[in-house]
Every structure is written in structure tokens, then in C-alpha cells.
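Colleague: take this sequence and fold it.
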Amino acid sequence: MAHGVFLEDEEIKLLAKTGTSVSHCPASNTMLSSGLCDVFRLLNGGVKVGLGTDVSGGNCVSIKDVILRALDVSHHLEFIKKHEIKGTGKMPTTDETYKSMNYKQAIYLATLGGASAIAVDDKVGNFDVGKEFDALFIDTSIFPMPNFVLSELLEQKFTPEQKVLELVQKFIFNGDDRNIVK
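Modeller: All right, here's what the predicted structure looks like:
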């Protein structure tokens, strides 16, 4: 299913029971003013979720842009859920425990989460041996990320995995299609 912005608790239970997945289309939902998908509510309810571009209602085909939009929606939901916002009309009750998604969770939705949602996670979605290689080659020295390097302090402090994750995060937040070389 697409969007999943108005699902009741019973409907989420039904989706989980039937193995139905939801494609979270944050750009489309925003452009159409159709709602904000609470991805964690779906995931916590046992529903598989992947990211979708839905360009018939949205305005971007780049999954990298959709990752950013998913993060935006999640941050907006956190704000809405944690604050009583005066002057905005009917708002849900506050939920101080809500936490927005981070870039790693959003990347998961765009990769293995999306592959799982459409039942091809045995073929693509991560770098497990035997799966098809489906990835982007990124050059962080190209504008708008010219010569991005970690500070000397971080270079010494970070493990190799942390260094890679720092570069991935910088690409998600600051890079664009010019950084994709293949």
C-alpha cells in the first residue's frame, strides 16, 4: 500500500496480519497536503515500510531526496507530538516519548526496508554475499561537498566504520546527484 497516513490501529493490525507493506511517500504526502506518515507507528505495529518517490503526487524522483523528506516528516511529527501548539486548531495529545528517525533509519527504509517491503530482500537491499550489487558510488570531493574531510580529532577518534558513516551522513544531508559518479 502507499502512504498509510490515516490508518487506525485495527487497520495496522490487519496489514501486519496479512503481510501488507506500506510505501512511505513523504514528498507526495507533503505536496498534496495529504498527511504525515508515522513510520514508527507502522513499524511498531509489525508493518514493513519502505520509501517511495510517488512522483505522480510528489516532486522528486531521487531516493536520496526522499530520505531527507522522510527525515523532515519525522522531525515535524516529533515537534507536533511533543508540543501543545497554540493557534493551529485540533492537535493530538502530546507524547513526550516520541523520537524522530535518524539518517541511518531513513537509509534502511530506502534500502533493505524497501526491498523487504516488496519481498526482494533476498536479492537486494544490503551487501550480503550472494545478493545483487545495487549501490551508488559517491565522490565526496565534488561540489557541493568539496574536499570534505574529517577533522584531525575525529580522524584519530573514529573507527573505520564511524568514518564511513560520517561520510554517508554528510552525503545524505549535503550532497546531491553531482556526487554520484556511478
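Colleague: and Glu166, how many neighbours?
Modeller: When neighbours are counted by other Cβ atoms under 10 Å, Glu166 registers 15. Glycine gets a C-beta too; all of them are placed from N, C-alpha and C.
Colleague: you'd agree it is in a helix?
Modeller: Yes: looking at Glu166 with DSSP: H, G, I helix; E, B strand; the rest coil, it is inside a helix.
Colleague: from what I can see it touches Leu154, true?
Modeller: Yes: if you go by Cβ atoms under 8 Å, Glu166 and Leu154 touch, sitting 7.1 Å apart.
Colleague: residue closest to the middle of this protein?
Modeller: Centroid check for the chain by Cα atoms, centre = their mean gives Ala106 as the closest residue, at 2.6 Å.
Colleague: three-state assignment of that one?
Modeller: Under three-state DSSP, Ala106 comes out as helix.
Colleague: spit out the contact partners of it.
Modeller: Going by Cβ atoms under 8 Å, 6 or more residues apart in numbering, Ala106 touches Leu51, Ile67, Leu68, Ala70, Leu71, Ser74, Ile172.
Colleague: host element of the residue nearest to the third one when sequence neighbours are not counted?
Modeller: Residue nearest to Leu68 in three dimensions, not counting chain neighbours: Ile172, with 6.9 Å by Cβ to Cβ, 6 or more residues apart in numbering. Under the assignment given by DSSP states H and E, the secondary-structure element containing Ile172 is helix 160-174.
Colleague: for the record, mean pLDDT for that helix?
Modeller: Averaged over helix 160-174, pLDDT sits at 89.
Colleague: need the contact partners of that helix.
Modeller: 64, 67-68, 103-104, 106-107, 138, 140, 144-145, 148, 150, 154-155, 158, 179.
Colleague: try stretch 48-68
Modeller: With Cβ under 8 Å, 6+ apart, stretch 48-68 has contacts from 2-4, 19, 21-32, 34, 39, 42-43, 69-70, 103, 106-107, 109-110, 113-118, 171-173, 175-177.
Colleague: which among these count as buried?
Modeller: Buried residues within the contacts of stretch 48-68, counting neighbours by 16 or more other Cβ atoms under 10 Å: 3-4, 21-31, 39, 42-43, 69-70, 103, 106-107, 109-110, 113-117, 171-172, 175.
Colleague: narrow the residues you listed to those in helices?
Modeller: 26-31, 39, 42-43, 69-70, 103, 106-107, 109-110, 113-117, 171-172 (DSSP state H).
Colleague: sounds good, over and out.
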